[in-house]
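>>> Fold the following for me, if possible:
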Amino acid sequence: MLQLCEVSSSLLISNARSACSEELLQQEAVTLCINVSRQQPFPSAGAVAKLRVPVYDDPGEDLYAHFDRCADAIQTEAELGGRSLVYCKNGRSRSAAVCMAYLMKHRGMTLSEALQRLKTARRVVEPNLGFLSQLQRYEHELKRSRGPS
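Below you'll find the predicted structure:
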């Protein structure tokens, strides 16, 4: 079944097959597609902005390096009234990690809150252990940069 899962009013997650459905993109008013893969295609919708994060679903890949850029792109899109769709091949690991980074940075969630939100939106979500440890590092960085509360 093709579907885009809503994480928040401005953020959706899916697998590559669903992400390439013009009909779904229009239906959900998607304005930015973040493709977290090296080989999955982009939708051919011309009106949709596109951002590629070229990583494999491998615990050794450095997804951390892309967290800020992706989180900020999703936030900017939301401020403009747009909706972002983050996807990878299966919509389980890479795309989920990017969505969690956004929720942690711009929605002030903890890592466990972000993971819970993602699992509620899309049951199959399960970032690999490498990405989870990168998210833990990101959570510590965010806490440090925000200073004592």
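
>>> residues touching F67, list them.
Each residue near F67 by CB atoms under 8 Å, 6 or more residues apart in numbering is listed here: 98, 101, 105, 134-135, 138. Backbone N, C-alpha and C define where each C-beta goes, glycine included.

>>> Kindly apply the preceding question to L115 instead.
100, 125, 127.

>>> Can you flag which of these belong to strands?
Assignment to strands by DSSP state E places none of those there.

>>> Count the residues that sit near M100.
Using other CB atoms under 10 Å, M100 has 29 other residues around it.

>>> Any figure for the gap between it and Q40?
Look at M100 and Q40: by CB to CB, to the nearest Å, they are 19 Å apart.

>>> and K50, that one's in a strand?
Yes - the assignment for K50 is a strand, going by DSSP: H, G, I helix; E, B strand; the rest coil.

>>> Which residues are in contact with it?
With CB under 8 Å, 6+ apart, K50 has these contacts: 32-33, 35, 42.

>>> Could you single out the nearest of these to A114?
L32 (19.3 Å; CB to CB).

>>> Fine by me, thanks again.
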